[in-house]
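Colleague: got a structure for you, letters missing:
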């Protein structure tokens, strides 16, 4: 997945959750003003909206974990196939971090 696509997905997700939370807040305010059957119905709607948001977030979390595991497998395979390049890259990164820290 490209960086631009990930950013669009993230923005869409943030907007969707913002909409769900705003809708839930509105329903909760209405439920506070109502009594009896109407209040119970509004609370049920809020619970349903929040459960849907929770399930969507869980699906996204599972997807992120799967992608992280796949990236770790690919990295592990690369390091096993190219150990000296991996050592060189790690040394270069360590050197750059050391230079940046020493400038402070």
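Modeller: Here it is on my side, so go on. Computed from a predicted model, the values in this text were never measured in an experiment. Numbering: from 1, shown residues only.

Colleague: how many neighbours does residue 53 have?
Modeller: Counted with other Cβ atoms under 10 Å, the neighbours of residue 53 add up to 17. Yep, even glycine has a C-beta here, placed from its N, CA and C like the rest.

Colleague: if I read this right, it contacts residue 20, doesn't it?
Modeller: Yes - with contact defined as Cβ atoms under 8 Å, residue 53 reaches residue 20; the gap is 4.6 Å.

Colleague: average pLDDT for the lengthiest helix in the chain?
Modeller: The helix that spans the most residues within the chain, counting by DSSP state H, is helix 36-81. On average, the pLDDT along helix 36-81 is 84.

Colleague: which elements pack onto that helix?
Modeller: Counting contacts by 3 or more Cβ pairs under 8 Å, 6 or more residues apart in numbering; DSSP states H and E, helix 36-81 packs against helix 3-33.

Colleague: report the buried residues of the helix it packs on.
Modeller: By 16 or more other Cβ atoms under 10 Å, the buried positions in helix 3-33 come out as 20, 24, 27, 30-31.

Colleague: OK, contacts around the nearest residue to residue 49 once chain neighbours are set aside?
Modeller: Once flanking residues are discounted, residue 49 sits nearest to residue 24: 5.1 Å by Cβ to Cβ, 6 or more residues apart in numbering. Applying Cβ atoms under 8 Å, 6 or more residues apart in numbering, we find residue 24 in contact with 46, 49-50.
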